[in-house]
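> sequence-free structure coming up:
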């Protein structure tokens, strides 16, 4: 590495907690809890895209991501009263809830996945790479997204969720530590191991990155 | 401990693995930055590890913020959630 270039990902999704964001979050939650007619709809509109994105990145399938997103909101509606604004932001609470549901789902479906042929999974990634015609060049565009998504699915859940929360959802290390209930050092270690493993997976499949 | 770890460096491989986050974020203080770079020069395994991390960081923006089908699908999910649970 030649320089300590600050490599950060473009844009923000859940981003660092700002005072304004926390204020608007708190107001929205308060409206939900007081039973205001349009509040739940507003809550869903604000957070669905983000929850869906995490579910999709974690599962890799649209249908499963949609189902899980609905489950997340069902849990939100059932348990919002247990959210305490003094104990952290709603975004972190929602992330934790989403993460717990994804892990539950992962465990529940582990047996089904174990019956999938590893060779089939690897073949799919190779075919994607070959079809993209990108075995000897930089990742780019939609094919890059698909290749990275395929590689992400091959990470262990611990590494995958950490990479998703940091590099895609752009949470702060502190927030990820809260969501995963592990020390920040563990977050950073998992994050880098996840990134390095992604690079190795892509390299194994002859994708030059 | 990784194979090839430089035992003389002041930073070990586990610390390197953690502090690499702050390094790529540009938030590492000068002393630890120097220690990290010294370790990297003396440890082939960590040098390769860092290269792999950087490769992914340089490419991950191509991942896009949201899945490509997301715009339509999330709208459907939102509508479905509102219909099913909306109105408190």
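Arrived safely. All values reported here derive from a predicted model rather than from experimental measurement.

> just the buried residues of the one helix or strand residue B:41 maps to, please?
Secondary structure assignment for residue B:41, by DSSP states H and E: helix B:30-42. Buried positions in helix B:30-42, judged by neighbour count with 16 or more other CB atoms under 10 Å in any protein chain shown: B:33, B:35-37, B:39-40, B:42. All C-beta atoms are positioned from the backbone trio N, CA, C, and that covers glycine.

> average pLDDT for that helix?
Across helix B:30-42, pLDDT averages out at 92.

> can you confirm whether that helix lies near chain A?
Yes: contact of helix B:30-42 with chain A (CB under 8 Å from any CB of the partner chain) involves B:33, B:40.

> and that helix, what does it pack against?
helix B:13-25, helix B:44-59 (3 or more CB pairs under 8 Å, 6 or more residues apart in numbering or on different chains; DSSP states H and E).

> now do that helix and helix B:44-59, the angle between them.
If you take axes from the mean of the first three to the mean of the last three CA atoms, to 10 degrees, helix B:30-42 sits at 110 degrees to helix B:44-59.

> by proximity to chain A, which residue of chain B wins?
residue B:26 (3.2 Å; CB to the nearest CB).

> what does that residue show for phi and psi?
phi 80, psi 30 (degrees, to the nearest 10).

> do the one 3 residues further on as well
When quoted as degrees, to the nearest 10, the phi and psi of residue B:29 stand at phi -70, psi 160.

> tell me how many other residues surround it.
Using other CB atoms under 10 Å in any protein chain shown, residue B:29 has 9 other residues around it.

> where does chain B have low pLDDT?
B:1-9, B:61-75, B:77-78, B:81-88 (pLDDT under 70).

> chain A now?
For chain A, the stretches flagged by pLDDT under 70 are A:1-22, A:85, A:87, A:110-144, A:206-209.

> chain A: helices as residue ranges?
With DSSP state H as the criterion, chain A has helices at A:19-33, A:39-59, A:62-79, A:90-108, A:110-114, A:118-132, A:141-152, A:157-163, A:173-180, A:184-204.

> any idea which of the ones you listed gets closest to residue B:76?
Proximity to residue B:76 (CB to CB) singles out helix A:62-79 among the helices of chain A, at 7.2 Å.

> in the closest one, which residues are buried?
Neighbour-count burial for helix A:62-79 flags A:62, A:65-66, A:68-73, A:76-77 (criterion: 16+ other CB under 10 Å).

> possible to save those residues as CSV with distance to chain B?
Shown next, in CSV, are these (distance: CB to the nearest CB, whole Å):
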residue, distance to chain B
A:62, 5
A:65, 8
A:66, 5
A:68, 10
A:69, 5
A:70, 6
A:71, 10
A:72, 9
A:73, 5
A:76, 9
A:77, 5
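
> pipe these into TSV and attach distance to residue A:160 per row.
What follows is the buried residues of helix A:62-79, written out as TSV (distance: CB to CB, whole Å):
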residue	distance to residue A:160
A:62	18
A:65	14
A:66	19
A:68	14
A:69	17
A:70	21
A:71	19
A:72	17
A:73	22
A:76	23
A:77	27
